[in-house]
Each structure stands twice: as structure tokens, then as C-alpha cells.
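Asker: Output the structure for:
(chains A and B)
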There are 2 protein chains.
Amino acid sequence: MTSDKNSNLSLFFEPRSIAVFGSMREPQGEGLTVIRNMLNFGFAGSIYPISRSATQASGLKAYPTVNDVDGPIDLAIVVTPPTTVLPIIDECGQKGIKAAIVATEGFAETGRDGATLQRHLVETARRYGMRLLGPNTLGVLSTDYGLVTAPYSMGHNKPPSGGITYCSQTGFLTFGVHPVKDIGYPISKICDFGNKCDVNELDLLPYLADDPSTNVICMHLEDIKNGQRFIEVARQAVARKPVLILKPGRTEAGARAASSHTGSLAGDDQVHENAFRQAGVIRLRTWREFWDIPKALSLQPLPKGNRIAIVTATGGAGVMLSDAAAEFGLVPATFAAATRSQLGKLSPRLGNNPVDVGPMMSVREFPFSVYEDVVPAILSDPNVDCLTAVCHLGPPILKVFTGLAPLISKIGKPVTVLGYGIDLPEMQESVRQMESMGLPTYLDLETSVKALGVSAAYSRIRARMEEDAR
Amino acid sequence: MTSDKNSNLSLFFEPRSIAVFGSMREPQGEGLTVIRNMLNFGFAGSIYPISRSATQASGLKAYPTVNDVDGPIDLAIVVTPPTTVLPIIDECGQKGIKAAIVATEGFAETGRDGATLQRHLVETARRYGMRLLGPNTLGVLSTDYGLVTAPYSMGHNKPPSGGITYCSQTGFLTFGVHPVKDIGYPISKICDFGNKCDVNELDLLPYLADDPSTNVICMHLEDIKNGQRFIEVARQAVARKPVLILKPGRTEAGARAASSHTGSLAGDDQVHENAFRQAGVIRLRTWREFWDIPKALSLQPLPKGNRIAIVTATGGAGVMLSDAAAEFGLVPATFAAATRSQLGKLSPRLGNNPVDVGPMMSVREFPFSVYEDVVPAILSDPNVDCLTAVCHLGPPILKVFTGLAPLISKIGKPVTVLGYGIDLPEMQESVRQMESMGLPTYLDLETSVKALGVSAAYSRIRARMEEDAR
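Answerer: Reported below is the predicted structural model:
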């Protein structure tokens, strides 16, 4: 049963052929926008525009109904007025389509009538063994397949391909309202659950646990459908890869707002805390954590422990990072005698942690070469589990880390970079280049160590799970 | 005595004439860099390069010693090797200069010898009644005067002029390592305390309390020199404008790192908490708070209470903001009957707080016009003290807020904006434009309401102080 469900789910993320229902009128027609987005993203499968009026759309032949299309169709994308959706789902069911994304708004989120209409959708889909995502969703994005289903113009804003899969119960935490391309997160898939009428977290967790191109699962959930089943599937996923969940409603005001947003019951938040702990899920608390923490887990290996080294060109940052590290469960590494003696040869004032390389930089002809000496020495210390390097972003440090990246990767301990500078576009370009070398780079101070704190927490959870299994 | 000290302090921020000591060798000479920065920033006073070898620097006539300069000099900027600094301070004292910024590194921060040299500096300066800032400092920046003293190339990165004054005990939280121009903070002054050999927070708090161009004081302090005196001067400043302080060393690891960075004693953090509470200082905890919170207090009026309204185009953001608002001391406003009825006329589904305008936007010809109807109605409600608006950044919303800004200003309650979008450069440009209309705009979700939480907290502190004074 589970594997059947999962094989249907792959139709949402790896379809070979797609039927698109929606206005094909130039230039803002929503069906046409969906098609244009996919062409821009390089979707390699077949796209069938379905339209009673148009004969072509964006250069593709259009068909009056799905029945006029020869051969099978994996996925339907529906973005038509609410009252037309039910007959379309029926038409798709007859054609044998097993997966549909209903982007259309105006269902359960609008009140009782919408909820009734939504229930009819689900009943119809079930009759045909069809899975439904949505309604009221931006749908999915799959970088490897060039798949994107949002009815908003995405231009060429395809994020870089990578291992993070995001799922969210609000479009606000997906690809329609965040500069995923400019910021450069390495993304495998994004899924907007929308109203969660059928496909939900209980489907996605096992699917993504199995998915070889996902190495970190990051979800935003406003409600959890079935607590016991959730703990079960989440725990199975956690045994294979990190599962990070942002669950708002921590406060009474937040819980009430969530209830009014999704119609879910505002429960006691302690129930969620307990469920996450039992499942080994790591709970995220802020918007920034949701976007910025996963990349460290996706790009870097897990630490064996929680002892952090901080290498910084500015002592002030070292102090603030020490506070943040402690608050996120990390402890300052005490370097081994051999490391201290090695650092002492470079400068008599080195050897403490945080390692303030600023003074050494100011007396070197090539200031940034300090990192070449210091980072490998510290990272190789058996008393160090992970490292954050603070550095001025720009061409000189990029050159240094181009040399260091393979060495860091060989040592096999996670590293994050906190970058600073005075030219924002240059800093952002540096972040993208550092991350293309596999080094997660932050412009937000506390997040650069918080990410390692979460890595260390997941490492502990995995170790405990493996022990329990023995 | 205090006013004497203060009048000397104004020489650091509003000098009419400056002597610059430092290498004048092209193109990277540090003295020359300082001069070039000031010319780029439009400093209108006289600049006197002091050099035994050069006859001119950046087109300005150079002088062998300050004694060769006719007329008085307000400020000396010294960025020469450590051993040369003492005779230069003596030379400046003889000339009658009453203020000097010693940018040079290599004093107390390097150990015992440096500390001795630093003590001699202070003794020499005191003999002449001269105040010293630093050593080991980037010095000051003063937007109104086009003054900038960093020996790093600043290009034309002058921040926009405004009411925030930042002081910091690390260059990392000043203008040398943060894109203050690109991000567009409205800044009056920035001061890097460096080693705090003489000028420190006890001087700056009274000076800035008096300074008409500063309306928010934001400081980073790693140590506090004199607890009792600090409480006194801070309280006097708080009675006139908000004082926000980021004091690291909250954790044992952070306190130890601070101690090793500045040589200060790692004290019990509870002492600091108590001092801040007694003084009415608001304590900041993160790098982002330091940079992003002050602009809301600087650009917007104080709220009368802590009841927040949230207007959002995306329900998901409303839920997360509700959590953050509660966690920062705000409570959701319950709208008055008249407001609910006014909102109800716009759409039967409005009236709850957060106000989700998303569904209304999707049925309007000009979606963003919804804000024109909703924001003034809610802000005028007597049960609402402050408001956060969540909107997609770009030309349409800029147009709407160009119309709304004067109205918001007239109502006199603080508003922040949380912006989102998919094109980062466009979003950042929108932030700058919104803020030039006086509307503090955030790309970080929680900070947009946290800023109002801090405003409300300061409003309460002021009210209590005024009551106590009666």
C-alpha cells in the first residue's frame, strides 16, 4: 500500500507528460504562464495544453480535452475557476491520469461551500485512484526535471539543483515568494501542500525518505493530520535523513491565527513538541532558520560531536558567535597540545578558541593566506568536531577557499562560513560561489553556528537511533 | 565638567579641520585612504595631510608637521606604526589639538608592552587636555558632515543620513564590514570605541542624548567600565531617546571569549541584566537586531500600547508573525465594532486579526489597492497601537505606499512592512524606496514585528519614567 502510494507520488515530481488546464489567453493567462514557466525551466517531458478555444499555446499544440491526447498522461495541472475543477478531475480520471495538482483557490479555505466542493473533488479522484495535491497551492518545483507548476510568472528563476526538499502549508514558504534563485539554495524539490485535501506530510515523509536526490527534508506544517501515524513515518524518515519542521502556533496568538488560516484545531503546542521529540524531528522556530539551516546539513557531512572551533578575522564576531554556539548546544573545542604548538609557531597569540587571525592578517603580504594555514590545522585536531570561519567576502577569500574546499571535504568535518563586507551585491555573489564549492555561507551571524548546532543535534539523534536498533 | 567633556566630544563628530597622519604613498597608503574617503563622502572642512616626505596628497597640500599649519585644528587622525604614535600625540598636544582618533593597532589588545604604550598615550593626551578615541579603531562616521575616518577604502559607500547613532566596541559592528549604504539604514553617526583607552560609553551616552540629529542610540559593548556611573548616564539618555544595547557574554563561553578579546573581566551576566533594567536600556541579543531594530524606532513614532494589527497578503505569514509578536510582548488587537463592519463591507471574510487580504487581492483588477482601503481603516481603530503590513515588493506596492505614507504619518501610529518577492535586487531596491518614505521595511519575518515590540517596550519605559518624575 505504502509503495503504491509512493509510486503515485513520483508522478507529481517526475512526470514524463503533463496536461495543463487554465486560461491560454496571452500574455497573463494562468495556463499559459504555467506552460511558459516549464519551458523556461527546461522541462524535458511532454506538455499538453488543454483548451476548448485555443489551438496552440506557447508554440505547443493544444487539445480540446485530455481524451484527444494520444498516449498516457502522468500529471494534470489545473488552474481554472473553482466550478470547472470537478468536471476536469472527472475527465482526467477517465483518461487514466493518476495525479493532479489543483492550483485553483476558492475551496475549503473560503468556508462551508468551498469545503463541500473540495470534498466532492476528493471523492471523485479516489474513484479513479487519483492522488490530488491542493487545492489552493503553487504545486511543485523539481530542479532535476525542470518542473514548476506555479501560475505566477517565474521567469528563469530556477534555483540551483541540490539536496534540500522543502514542503510547506503556505505558498509564503515556497518558491513563489522567495528569491530562491538569487539566494542560491541547493534544492531538489519544493511542494506546496495547499489545503492538503489528499496529499500531505504522511505521504511526503516516506516518499522523500526514499528519494535519492533529497538529503534534507524541511517542512512547514500548520497542522498535523494524524499524530500517531506522523510519529511513525517521521521516525522512519529521520532514521535515513534529517527532518526539520517549522510548526507555528507556539503561542496562543499564533495557534489562534493558524486555526483561522487553515481551519485546523488550535491544539496544545506541547503535544507537537512531544511528537517531534519522539520522532527525532528537529523543530525550527523562525523564517530564517527554515531557509538557511538546511543548506549546512545538505552540503556538509554530520559532525561526530558538538565541539566547535571558530576562526575569525574579527574578535568581536568571535565573542558573539560563542554566545550563539552555546545557546544552540555547541561547546568551544579545547585544542590538542599539538595544534596549540602548531598555531603558536604561526603567531604566539594564537591557540585560544575563538582563533582571532585578524592581527596576523595585518602583518602578512597576502592577508587571506592565514586561513590556508589555520583552517586545516584546526579542523584536523581530534578535539574539534566542526568549524565556523568568519571572513571578508570577495575575490581573495574565494581564491583561498577554492584551494581549501577539497582539503575540508577530505577531513570530513562540517564547516560553515560567516561572511561580511561592504558591497552587498559582491557579498551575495561570493555566497553563491562559496556554496558552489559546497561551503554553506551565511550573512546572518547567529545562523552560521546555529546550522552546526542543528547538524550536531541530528548527529546525536541518529547515533541514539542506531544504538536503540542494536 | 560634563559639558566641557561634551564640547570636546563634538570635535570628533563635527570637526571643521582635520590633520591626517599616515602613509601618503599611492594608492594604498593608509593616510591617503583616509583622505580619499573623506573627499568621496563630501567632507566640507579643511583636511591637512601631515607628511615628512610628501608635498601633496590627493591634490591637497601636505605639511611636514602640524605646527606648519596656520590656524587651529579640531581633530587629528593617526594611522601610523605604533611606535610613532606617542610623539605624534605630543606634537598635536603642542599645537593645541583637543581630539585625536588613533586608528593604529598594536596597543593593549596585543599584550603587556602594548598596554604600557597605550597608558603613555593617555597620560600624554591628558597633559594637553586632549581626548583620545581608540586606539585600534575605525574611528567615526558622521553622515551630515561627510566625515569618515576608516583607513580602509570606503568608495562612495556613504549611508543615507538619518537619526540612528551606532557605537561599537568592535569594528565588526560598524561601517567597515557591513553594507550600510546598500542596506540603506538612516544613520547620523557611527563610532568604533576600539580599545576604549579614553572615550567610552560614559562619554557618548550624554553626548548623544544631547545631540539633536540622533534619535536612537544603539551600542555594542563587550565590557562596561563603571557600573554605577553607567546606570546614571544611561538612565538620563533613556529619558530622552531609546538606548538599545547589544552586550555579548550572555553565556559562559561568550563571556570567556569577550574576556580574551578585550582583556575585560568576565563578569556575571546577571549584573548587566540588572544594570540595563535599572537604566531603562533595552538589551538586544543578535547581530540582526542590532542592525534592523533601530530603524523602526528612528523612522516611526512610538506606539501608545502593545496591541498589534497584522495585514497580510499571505495567511501563512500572519500565523508566523502572530507567534513572533507574542514572543516580543505584543498582543493581537481586537478590532472595534465599527472597524469590523467597515472591513466586512469590503469582504465578508475580513475582520479577524491577522487580516488576510490575499483572497480579496485575487479578485480585484488592481490587487494592491486593497492596502489603500484596509491599512488606514485598521490603523485608525482606537484598539490598534501599531501595524505590520506584509506585501509583495515591487513597483505596484511602492505606488500604493507613496499614497499611504502621508496618511500613516498623520495617524501617528508606528507601521513596519515585511516584504517578500522572487527578485532579490528588486526587493532590496523596494526596501530602500519604502524607507525613503519613512516606512521601515524588513526582509526578515520575525524582525518586522520584533521592532514594534521594542518600540512598545521603550514606550512603556518612558511612560513609567515620566510617572516617576511627577
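
Asker: Residue A:283 - nearest residue in space that isn't next to it in sequence?
Answerer: residue A:276 (5.0 Å; C-beta to C-beta, 6 or more residues apart in numbering or on different chains). Bear in mind the C-beta positions are built from the backbone N, C-alpha and C, glycine included.

Asker: The spatially most central residue of chain A: helix or strand, and which one exactly?
Answerer: Most central in chain A under C-alpha atoms, centre = their mean is residue A:166, positioned 3.5 Å from the mean C-alpha point. In this assignment (DSSP states H and E), residue A:166 forms part of strand A:161-168.

Asker: Quick one: mean pLDDT over the helix or strand following that strand.
Answerer: Following strand A:161-168 in sequence order, the next helix or strand is helix A:180-183 (DSSP H and E). Averaged over helix A:180-183, pLDDT sits at 90.

Asker: What is helix A:180-183 packed up against?
Answerer: Applying 3 or more C-beta pairs under 8 Å, 6 or more residues apart in numbering or on different chains; DSSP states H and E, one finds that helix A:180-183 makes contact with helix A:424-436, helix B:424-436.

Asker: So in that sheet, which strands flank the following helix or strand past that helix, and in what orientation?
Answerer: The helix or strand immediately downstream of helix A:180-183 is strand A:187-192, counting by DSSP H and E. Looking at strand A:187-192 with DSSP bridges, its partner strands are strand A:140-142 (antiparallel), strand A:161-168 (parallel).

Asker: Now residue A:300: closest residue in space, sequence neighbours ignored.
Answerer: Nearest non-adjacent residue to residue A:300, counting by C-beta to C-beta, 6+ apart: residue A:414, 3.7 Å away.

Asker: how much space between the one you found and chain B?
Answerer: Separation of residue A:414 from chain B (C-beta to the nearest C-beta, to the nearest Å) stands at 19 Å.

Asker: do residue A:347 as well
Answerer: From residue A:347 across to chain B, the span is 11 Å (C-beta to the nearest C-beta).

Asker: That residue against residue A:359, yeah?
Answerer: Yes - at 7.2 Å, residue A:347 counts as touching residue A:359 under the criterion of C-beta atoms under 8 Å.

Asker: Might you report the residue contacts of the residue of the stretch 51-200 of chain A found nearest chain B?
Answerer: Residue nearest to chain B within the stretch 51-200 of chain A: residue A:170 (2.3 Å; C-beta to the nearest C-beta). Residues near residue A:170 by C-beta atoms under 8 Å, 6 or more residues apart in numbering or on different chains: A:192, A:220, A:222, A:261, B:314, B:315, B:316, B:317, B:319.

Asker: Low-confidence ranges, chain A, go.
Answerer: By pLDDT under 70, the weakly predicted segments of chain A are A:1-7, A:262-267.

Asker: and the helix of greatest length in it, which residues are buried?
Answerer: Longest among the helix segments of chain A by residue count, using DSSP state H, is helix A:445-469. Neighbour counts using 16 or more other C-beta atoms under 10 Å in any protein chain shown place A:445-462 of helix A:445-469 among the buried residues.

Asker: same thing with stretch A:322-336?
Answerer: A:322, A:323, A:324, A:325, A:326, A:327, A:328, A:330, A:332, A:333, A:335.

Asker: can you tell me which of these are up against chain B?
Answerer: Among the buried residues of stretch A:322-336, the residues that sit close to chain B (C-beta under 8 Å from any C-beta of the partner chain) are A:322, A:323, A:324, A:325, A:326, A:327, A:332.

Asker: Now tabulate those residues in TSV and tack on secondary structure.
Answerer: Compiled in TSV, those are given as follows (DSSP: H, G, I helix; E, B strand; the rest coil):
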residue	secondary structure
A:322	helix
A:323	helix
A:324	helix
A:325	helix
A:326	helix
A:327	helix
A:332	strand
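
Asker: what's the most distant pair in those?
Answerer: Using C-beta to C-beta, the two most remote members of these are A:327 and A:332, lying 12.8 Å apart.

Asker: how near is residue A:220 to chain B?
Answerer: Taking C-beta to the nearest C-beta as the measure, residue A:220 falls 7 Å from chain B.

Asker: Grab the nearest non-local neighbour of that residue.
Answerer: Using C-beta to C-beta, 6+ apart, the nearest residue to residue A:220 is residue A:168, at 4.1 Å.

Asker: Run through the strands of the stretch 301-450 of chain A in chain order.
Answerer: For the stretch 301-450 of chain A, the strands defined by DSSP state E, counting those that start in this stretch occupy A:307-312, A:331-332, A:355-356, A:386-392, A:415-420, A:441-442.

Asker: Could I get those in CSV, plus columns for distance to residue B:394?
Answerer: CSV is the format used below for the strands of the stretch 301-450 of chain A (distance: least, C-beta to C-beta, whole Å):
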stretch, distance to residue B:394
strand A:307-312, 37
strand A:331-332, 44
strand A:355-356, 43
strand A:386-392, 32
strand A:415-420, 27
strand A:441-442, 26
